[in-house]
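**Student:** Test case, fold it:
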Amino acid sequence: MAAKRPPALDRIDVKILADLQRNGRSTMQELATKVGLSPRASLERVRRLEAAGIIAGYRAAIDLAHLSRPINIFAEIVLAKHAQQAHVERRLAALEEVVECWEVTGTTDYLARFICADLATYEMLTARLIDDPNLGISRIVSHVALRPVRRFAGYPESLLSHKPR
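**Tutor:** Below you'll find the model as predicted:
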């Protein structure tokens, strides 16, 4: 079965996506006013974008500094045994402290972002990962974040209107 093609997006769809990234709690009336449609037409477009999987969900952006003082660590993970890659990925995905993880090119295999209550918790987690012979992790290089310079606030509008090839 052929993969379902995403719907073609016009400039109004792009405006809807850009606005919902900035404010996922916009009412249909507010959204309609911003994009120049009726609330009903805006709702139909949002539902079409959701059904196509382009809008993957909605989340609350939580500022942890108001709740606790966790540490944010970026970890470069290097594998000795690439045959265990699927096992490593399952393990990383199962750790709630790993809030993001990317397979990358270069001398590092993965770049993972850990959020932990303290350094002791992070050290325990990484020791378990390195000590597990079934994972084949040879090295983890850690970078403790000092402060954010810019946080993710949504994708550039120019990428939202990009046509797949």
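**Student:** Excluding chain neighbours, what is closest to residue 141?
**Tutor:** residue 76 (4.2 Å; C-beta to C-beta, 6 or more residues apart in numbering). Every C-beta, even on glycine, is put in place using the N, C-alpha and C of the backbone.
**Student:** what's the answer for residue 107, then?
**Tutor:** Nearest in space to residue 107, with sequence neighbours left out and distances taken as C-beta to C-beta, 6+ apart, is residue 78 at 7.1 Å.
**Student:** Checking my notes, the one you found in a helix, right?
**Tutor:** No. Counting by DSSP: H, G, I helix; E, B strand; the rest coil, residue 78 is not found in a helix; it is strand.
**Student:** ok, now which ones touch it?
**Tutor:** Residue 78 is in contact with 107, 108, 109, 137, 138, 139, 140, 141, counting by C-beta atoms under 8 Å, 6 or more residues apart in numbering.
**Student:** okay, now the residue nearest to residue 141: neighbour count?
**Tutor:** Burial of residue 76 is recorded as 17 neighbouring residues (other C-beta atoms under 10 Å).
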